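K.L.:
Predicted model follows, preceded by the sequence.
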Amino acid sequence: MNRKWDIKDDTTRKQCIDEVVTRVEEIDGDKVGVIAAQDIIDIVAERLGPEIYNSCLQDINKMLSEKFQDIETGIELLEQRP
């Protein structure tokens, strides 16, 4: 079952799981399994993913607006005056 927040790249997914396992062990000294680590990643991704995604879209929109403004200014500078 693929969920929209699933990590598509197996290498990245495994690295994330390994980092969660390591971090939980560092903090608590407890062992955490791969399934529990994946659950933690799923919860964080499901809850924060849409907010991060929307923030990226807002950044892209701002960047494109600035670029379009630059293009409009450039076109205005190219206009020939009689």
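P.N.:
The structure has been received and is ready for your questions. Residues are numbered from 1 along each chain as shown.
K.L.:
Could you pull out the buried residues of stretch 44-64?
P.N.:
Ala45 (16 or more other Cβ atoms under 10 Å). In this view, the C-beta of every residue, glycine as well, is placed from N, C-alpha and C.
K.L.:
Quick one: distance of that stretch to the chain centre.
P.N.:
Put simply, stretch 44-64 sits 7 Å off its chain's centre (Cα atoms, centre = their mean, to the nearest Å).
K.L.:
which other helices and strands contact the helix or strand containing Ile60?
P.N.:
Assigning secondary structure by DSSP states H and E places Ile60 in helix 34-78. Counting contacts by 3 or more Cβ pairs under 8 Å, 6 or more residues apart in numbering; DSSP states H and E, helix 34-78 packs against helix 10-28.
K.L.:
Show me what the helix it packs on is in contact with.
P.N.:
Taking contacts as Cβ atoms under 8 Å, 6 or more residues apart in numbering, the residues outside helix 10-28 that touch it are Ile7, Asp30, Lys31, Val32, Gly33, Val34, Ala37, Gln38, Ile40, Ile41.
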